[in-house]
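**Q** Can you look at this prediction? I've put the sequence above it.
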Amino acid sequence: RLFLPPPSATVPDVVAERLEPIQRKAAATATQAPPEPPQEMLVEVEEDLENAAQDYLVDLKQEINDALRDRNETSMVTILNHYGPRSEDAWLASLLMQALRDLLPGMFGAELGFLVMTMAYSEIRAAPVWHALADAAVEAALLETHPRTITEMAFGFAWVQWQQPDLFALLQVAMSSCTKTATDEQKRVFAWACTRVGQPAKTFGKPSFKVEKDIASKLWDRFKGLPSRAKEVKALKMDPVPLLMMPEAVPVMHCDALVKLANDQNLWVQSSELMATHLGGEMFVSARNSSTAVLSWHSNPSVKAVRSWAAQTLDVPESFIAPLQLVRYTEGQQIGSHMDWHDERDAGLWVFGQRMATMLVYLSTVPKGSGGETHFGSLGVSVQPQKGSAILWPNVNDIGSPEKRTIHSGRPVEGKKVKYAMNIWIYGRKQPDDSWIRWPR
Ligand SMILES: O=C(O)CCC(=O)C(=O)O
Ligand SMILES: [Fe+2]
């Protein structure tokens with residue numbers, strides 16, 4: 001025996017005498033079951049709960065129907081976010097599931113397309129919901145010949161990566177029967193969706209990774225002419241490719257406001273990625289370990305000011321400019337050598353086209369000797385980040401093909417400095433309307 005038994009408790013007699021009736025009473029009540037509530041009362045409570053849930057379901061179905069009828073995206077997204085699988089209460093999600101099961105069989109294609117798209121907006125990724133939607137969509141696609149509906153369905157399923165082969169095969173059949181009435185944007189969105197789920201639509205072939213010749217040559221003329229037209233523009237290089245510099249282009253107030261916007265909205269995403277870019281059998285690989293933040297807030301005054309300045313500088317429509325992208329590098333972080341154009345296999349080419357020029361604005365200063373330079377290897381130019389100054393260059397040549405000579409990197413930042421920069425990407429065509437579809441970037 002390793003342990004000694006505990007000493008038996010000895011209680012003085014007087015205390016024991018007074019304790020005894022209390023202990024007896026306690027022992028008696030301990031074995032007693034709690035009193036049963038009267039049977040009728042329980043049934044009533046259960047019925048009340050069931051009625052409440054039924055009422056809730058009826059209201060929910062009514063709300064969904066109203067939102068579908070009016071194509072009210074805001075209202076639909078609000079409903080979905082409240083009841084969706086990410087909501088706090090699991091039973092709300094099961095209520096939504098029940099409502100959809102009841103409603104789906106009676107839905108027309110147009111309603112279903114809208115529902116699928118808003119589901120995608122709400123980032124609802126729960127498999128049972130998409131299963132039910134896909135089953136309904138397969139049926140609808142057999143009857144549907146409205147390109148917008150088919151496009152919205154394809155968009156929604158592609159957004160959540162729902163790769164059901166029979167679904168996309170059917171959507172493609174449905175689309176091929178109405179390509180004549182489809183708008184250019186609908187065709188592009190549809191082709192994007194099919195490419196994204198790995199089932200490229202044969203009807204549409206491959207997307208072009210070039211920029212239209214006229215647009216590219218006009219851009220090159222602008223680049224070549226800028227330094228003599230505006231004294232605030234310096235040429236760091238003219239031959240063989242223009243690389244321009246605009247010191248103090250963006251007021252410090254805007255630089256700070258943009259970084260603050262990204263901080264306040266928690267937009268920073270750590271990007272530790274290997275980027276591989278394919279072009280005509282060649283592959284370019286580069287690594288980045290910085291953070292990025294995409295600013296889709298077009299109504300923010302600083303965002304607005306910067307977008308309009310960029311469009312004026314390069315004489316392009318503002319609609320050619322992608323949402324601004326901020327980059328942040330802390331000690332040791334960098335981006336390897338790369339070109340800014342999209343890979344020729346990138347699904348995004350269908351909807352965005354190609355990035356034809358870059359304007360890079362520095363939002364903080366990194367002193368000489370602390371790294372962080374933007375380095376153009378084949379042009380032999382290095383630029384030290386100076387808050388508010390911008391550099392700009394084309395990513396395609398003067399006939400619109402991807403340009404390799406503007407290959408560049410962001411050198412590692414040394415010491416405690418933080419480098420902030422902003423990519424303003426100018427595309428060769430109008431960007432899709434954000435009010436219809438929020439695009440992943
Ligand atoms: O940070 C830099 O200096 C370059 C950034 C860049 O090239 C990019 O984000 O594509
Ligand atoms: Fe770049």
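**A** Yep, that arrived. Ligands and ions are numbered 1, 2, ... in the order given.
**Q** in this structure, which helix or strand is least confident?
**A** Counting by mean pLDDT, DSSP states H and E, the chain has its least confident helix or strand at helix 13-30, which shows a mean of 66.
**Q** Quick check: next helix or strand after that one?
**A** Using DSSP states H and E, the next helix or strand after helix 13-30 towards the C-terminus is helix 39-70.
**Q** name the helices or strands packed onto that next one?
**A** helix 73-83, helix 90-103, helix 109-121 (3 or more CB pairs under 8 Å, 6 or more residues apart in numbering; DSSP states H and E). Bear in mind the C-beta positions are built from the backbone N, C-alpha and C, glycine included.
**Q** so how far is that helix off the chain centroid?
**A** Here the centre of helix 39-70 is set off from its chain's centre by 35 Å, with CA atoms, centre = their mean, to the nearest Å.
**Q** do the same with stretch 305-316
**A** Centre to centre, stretch against its chain (CA atoms, centre = their mean), the figure for stretch 305-316 is 25 Å.
**Q** And the contacts of it?
**A** 218-219, 222-223, 226, 246, 249-250, 254, 258, 298, 317-318, 320-321, 324, 357, 359, 361, 392, 422, 424, 426 (CB atoms under 8 Å, 6 or more residues apart in numbering).
**Q** Chain neighbours aside, what residue packs nearest to the residue of the stretch 101-250 of the chain found nearest ligand 1?
**A** Residue nearest to ligand 1 within the stretch 101-250 of the chain (CB to the nearest ligand atom): residue 243, separated by 12.7 Å. Distances taken as CB to CB, 6 or more residues apart in numbering place residue 237 nearest to residue 243, at 4.1 Å, with adjacent residues excluded.
**Q** Close to ligand 1: what parts of the stretch 301-441 of the chain are there?
**A** Selection of the stretch 301-441 of the chain residues close to ligand 1 by CB under 6 Å from any ligand atom yields 327, 335, 340, 360, 374, 408, 410, 421, 423.
**Q** Mind checking which of those land in strands?
**A** Among these, the members found in strands (DSSP state E) are 327, 335, 360, 374, 408, 410, 421, 423.
**Q** Between all of those residues, which two are separated the most?
**A** 327 and 408 (12.8 Å; CB to CB).
**Q** If you count surrounding residues, which of those two has more?
**A** Counted by other CB atoms under 10 Å, residue 327 and residue 408 do not tie: residue 408 has more neighbours, with 25 against 21.
**Q** where does the nearest residue to that one once chain neighbours are set aside fall, phi/psi-wise?
**A** Of all residues not flanking residue 408 in the chain, residue 376 sits nearest, at 4.8 Å (CB to CB, 6+ apart). Note on residue 376: its backbone torsions stand at phi -100, psi 100 [degrees, to the nearest 10].
**Q** Next, count neighbours for residue 376.
**A** 22.
**Q** can you list the weak-confidence ranges in the stretch 251-400 of the chain?
**A** Counting by pLDDT under 70, the ranges of the stretch 251-400 of the chain that qualify are 272, 297.
**Q** As a check, name the ranges of all helices in it.
**A** 252-264, 301-314, 349-352 (DSSP state H, counting those that start in this stretch).
**Q** Surely residue 273 touches residue 287?
**A** Yes. Here residue 273 lies in contact with residue 287, judged by CB atoms under 8 Å, at a distance of 7.2 Å.
**Q** okay, the two: which has more neighbours?
**A** When residue 273 and residue 287 are compared for neighbours, residue 287 comes out ahead with 15 against 12, by other CB under 10 Å.
**Q** How about the contacts made by that one?
**A** 273-275, 335-336.
**Q** Kindly report the same for residue 243.
**A** By CB under 8 Å, 6+ apart, the contact list for residue 243 reads 235-237, 376, 379, 381, 391-393, 406.
**Q** CSV please, covering these and showing distance to residue 213.
**A** Formatted as CSV, the entries for the contacts of residue 243 read as follows, by distance: CB to CB, whole Å:
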residue, distance to residue 213
235, 24
236, 26
237, 23
376, 25
379, 24
381, 27
391, 25
392, 21
393, 19
406, 19
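**Q** out of those residues, which one sits closest to residue 73?
**A** The closest of those, once distances to residue 73 are taken by CB to CB, is residue 392, at 36.4 Å.
**Q** Please determine how far the closest one is located from residue 303.
**A** Distance, residue 392 to residue 303, by CB to CB, to the nearest Å: 18 Å.
**Q** who's more crowded, those two?
**A** Set residue 392 next to residue 303 and count neighbours by other CB under 10 Å: residue 392 wins out with 24 against 19.
**Q** Run through the residues that contact residue 200.
**A** Residue 200 neighbours (CB under 8 Å, 6+ apart): 191, 194, 206.
**Q** Drop anything exposed from the residues you listed.
**A** 191, 194 (16 or more other CB atoms under 10 Å).
**Q** Let me know how buried the residue in the stretch 251-400 of the chain positioned nearest to ligand 1 is, in neighbour terms.
**A** Nearest residue of the stretch 251-400 of the chain to ligand 1, counting by CB to the nearest ligand atom: residue 374, 3.4 Å away. As a burial measure, residue 374 scores 20 neighbours (other CB under 10 Å).
**Q** Over to the one 10 residues further on?
**A** One way to gauge burial is a neighbour count; for residue 384, by other CB under 10 Å, it gives 17.
**Q** since we're on residue 72, how many residues are nearby?
**A** A count of nearby residues for residue 72, using other CB under 10 Å, gives 15.
**Q** Residue 63 is in contact with that one, correct?
**A** No. Using CB under 8 Å, residue 72 makes no contact with residue 63, being 10.0 Å away.
**Q** just the buried members of the contacts of stretch 305-316?
**A** Listed as buried from the contacts of stretch 305-316 are 219, 222-223, 226, 246, 249-250, 254, 258, 320-321, 324, 357, 359, 361, 392, 422, 424, 426; burial here means 16+ other CB under 10 Å.
**Q** in the one helix or strand residue 132 maps to, what's buried?
**A** Using DSSP H and E, the element containing residue 132 is helix 127-143. Using 16+ other CB under 10 Å as the test for burial, helix 127-143 gives 129-130, 133-134, 136-141.
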